[in-house]
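Participant: Sharing a model prediction with you, sequence too.
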Amino acid sequence: MKKLALAAMTALTMAAPAFAADPVIGTWKTQVDDGHYAHIKIAACGAQICGTIAKAFDANGPVQSENVGKPIVWDMVPQGGGSYKQGKIWQPSTGKVYNSKMSLTGNSLKVSGCVGPICKGQTWTRLQ
């Protein structure tokens, strides 16, 4: 019985790094909104997922923006299977914060959010 418990503990310890790196972590390109798009750096924030604006662009290329470095996604809770819920997302073009969820499929991240009955969504593409 002690050997079985030791083997189980060893297996869990070795598996821990696999759980540590969530598949959504990386850099994502947003869709164009109000003539601009951004690169979003998604990272773990404790047990949750958050994202910050890493770079901003318009049709001509990179632009200086006061939004670079600001949080855009926060409090996103991994649900397993590429699903994330209970988060918030900020839309820079309107200044609104939406209750949000995300769904990861391969290199596509569907991000959606609602304020009351108004819902919006985008599909982001993985860069890294």
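Facilitator: Noted; the coordinates are in hand. Just so it is clear, the structure is predicted and the values come from calculations on it, not from any experiment.
Participant: Can you list the buried residues in stretch 81-97?
Facilitator: With burial defined by 16 or more other Cβ atoms under 10 Å, the residues of stretch 81-97 counted as buried are 82, 84, 87, 88, 89, 90, 91, 92. From N, CA and C alone the C-beta is placed, and that goes for glycine too.
Participant: Select from the residues you listed every entry located in strands.
Facilitator: 84, 87, 88, 89, 90, 91 (DSSP state E).
Participant: any chance of the buried residues of stretch 81-97 in a markdown table, plus distance to residue 61?
Facilitator: Below are the buried residues of stretch 81-97 laid out as a markdown table (distance: Cβ to Cβ, whole Å):
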| residue | distance to residue 61 |
| --- | --- |
| 82 | 31 |
| 84 | 30 |
| 87 | 30 |
| 88 | 29 |
| 89 | 25 |
| 90 | 23 |
| 91 | 22 |
| 92 | 18 |
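Participant: Nearest to residue 68 among these?
Facilitator: residue 92 (10.3 Å; Cβ to Cβ).
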